[in-house]
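Asks: Have a look; sequence and predicted model below, questions after that.
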Amino acid sequence: MLYELITKELPFMRRYARAMTGDQMAGDLCVETMLQEHVLKPQPADAPLPADRTTLFGLLDSIISDPARHPELDSPLPSLGNLSSLSRRALFLTAVEQFEKDAAAQILGIALEELEDTLKNAERDLASSLATDVLIIEDEPMIAFQLKEIIESLGHKLVARAQTREEAVEEARTKKPGLMLVDIQLADGSSGLDAMDEIMEFHQVPSIVITAYPERLLAGRANEPAFLIPKPFRADHVKTVISQALLTQSAY
């Protein structure tokens with residue numbers, strides 16, 4: 001039972017830890033530490049084992065939220081933009097990991113009322129500090145239009161849309177976007193991941209991959225994206241992931 005729970009949740013715990021630390025290696029180390037301390041290490045006979053998703057994330061968050069546990073980072077878990085670590089974690093747990101508010105409060109170790117106040121303040125502060133130019137790499141017009149509406153509602157500007165790898169690389173070289181939203185399968189059969197990798201060679205930019213199969217990209221690849229949006233997507237999910245990507249970038 002516990003093995004099945006961990007196997008199911010491992011990709012999402014890694015996603016959460018990576019996004020909150022802003023570093024793939026540090027995030028994976030947080031997950032490894034949590035498993036070593038609370039699952040693999042022999043426990044007292046009367047010690048309860050993690051029995052559900054909320055408990056697993058609570059144990060992981062206790063490690064993520066403790067700067068002393070991240071000596072590998074030059075500036076462990078800084079406050080980014082106008083948002084504190086608590087605000088970012090609350091937003092990510094509710095909008096990306098889709099925990100109910102009471103479960104998110106339990107994970108963070110705070111009262112439900114404090115969580116609600118934290119979310120209100122975080123959402124209010126996001127737009128003013130994160131506006132940027134966006135390149136959408138997406139061959140489906142309807143999805144591209146939905147993404148355009150979402151980014152503009154956050155105060156960002158769509159500077160270009162590309163439907164192939166070649167177009168994406170050229171637009172990125174010309175426009176120098178501050179954010180990219182990247183679909184994997186493009187119009188001519190080319191790969192959005194390949195386009196992203198090529199662009200990163202000359203323009204380092206936060207990127208979010210959009211895919212119907214996110215679990216396939218959370219498997220320890222060397223170029224594994226830190227930010228994923230599954231299809232079909234929810235607007236609030238997209239908004240939070242965009243903000244997290246930009247906030248993470250701004251810390252370094």
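Replies: Thanks, I have the structure now. Numbering: from 1, shown residues only.

Asks: Give the closest residue to the spatially most central residue of the chain in space, chain neighbours not counted.
Replies: Against the mean C-alpha coordinate of the chain, by Cα atoms, centre = their mean, the closest residue is residue 227 at 4.1 Å. Distances taken as Cβ to Cβ, 6 or more residues apart in numbering place residue 208 nearest to residue 227, at 4.3 Å, with adjacent residues excluded. For every residue, glycine as well, the C-beta is placed using N, CA and C.

Asks: do the same with residue 133
Replies: Per Cβ to Cβ, 6+ apart, closest to residue 133 is residue 159, 4.4 Å.

Asks: average pLDDT across stretch 116-136?
Replies: The average pLDDT for stretch 116-136 rounds to 83.

Asks: Kindly report the same for stretch 61-74.
Replies: 77.

Asks: what's the answer for stretch 142-150, then?
Replies: 95.

Asks: For it, what is the distance to the chain centroid?
Replies: 19 Å (Cα atoms, centre = their mean, to the nearest Å).

Asks: Quick check: buried residues in it?
Replies: 143, 144, 146, 147, 148, 150 (16 or more other Cβ atoms under 10 Å).

Asks: what element comes up after the host helix or strand of the fourth one heading to the C-terminus?
Replies: Using DSSP states H and E, residue 147 maps to helix 141-153. Counting by DSSP H and E, the next helix or strand C-terminal to helix 141-153 is strand 157-162.

Asks: Show the subsequent helix or strand relative to that following strand.
Replies: helix 165-175.

Asks: Next up, identify which helix or strand residue 209 is on.
Replies: Per DSSP H and E: strand 207-211 holds residue 209.

Asks: One more: residue 99?
Replies: With DSSP H and E as criterion, residue 99 is part of no helix or strand.

Asks: before we move on, the earlier item: what angle separates the helix holding residue 147 from strand 207-211?
Replies: 140 degrees (axes from the mean of the first three to the mean of the last three Cα atoms, to 10 degrees).

Asks: what's the distance between the residue nearest to the centre of the chain and residue 140?
Replies: Distance, residue 227 to residue 140, using Cβ to Cβ, to the nearest Å: 20 Å.

Asks: How about residue 94?
Replies: On the measure of Cβ to Cβ, residue 94 and residue 140 end up 28 Å apart.

Asks: now do residue 92
Replies: 27 Å.

Asks: I'd say residue 63 and residue 32 touch.
Replies: No - using Cβ atoms under 8 Å, residue 63 is not in contact with residue 32; the gap is 9.8 Å.

Asks: These two: who's more crowded?
Replies: Between residue 63 and residue 32, counted using other Cβ atoms under 10 Å, the more crowded position is residue 63 (19 against 14).

Asks: ok, residues contacting the lowest-mean-pLDDT helix or strand in the chain?
Replies: Ranking every helix and strand in the chain by mean pLDDT, DSSP states H and E puts helix 235-250 at the bottom, with a mean of 79. Outside of helix 235-250, the residues within contact range by Cβ atoms under 8 Å, 6 or more residues apart in numbering are 19, 22, 80-81, 83, 88, 91-92, 95-96, 98, 126, 130, 132, 146-147, 150-151, 153-154, 156, 178-179, 181, 205-208, 226-229.

Asks: Give me the angle between that helix and helix 141-153.
Replies: 60 degrees.

Asks: Using CSV, write out every CA atom in helix 235-250.
Replies: Only the C-alpha atoms of helix 235-250 are listed here, as CSV (Å, rounded to 0.1, in the frame of the first residue of the first chain):
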residue,chain,number,x,y,z
ALA,A,235,-6.8,28.6,-16.1
ASP,A,236,-5.9,28.9,-12.4
HIS,A,237,-3.4,26.1,-12.8
VAL,A,238,-1.7,27.8,-15.8
LYS,A,239,-1.6,31.2,-13.9
THR,A,240,0.1,29.7,-10.9
VAL,A,241,2.7,27.8,-12.9
ILE,A,242,3.5,30.9,-14.9
SER,A,243,4.0,32.9,-11.8
GLN,A,244,6.1,30.2,-10.2
ALA,A,245,8.3,29.9,-13.2
LEU,A,246,8.9,33.7,-13.3
LEU,A,247,9.4,33.9,-9.6
THR,A,248,12.0,31.1,-9.6
GLN,A,249,13.9,32.8,-12.4
SER,A,250,13.9,36.1,-10.6
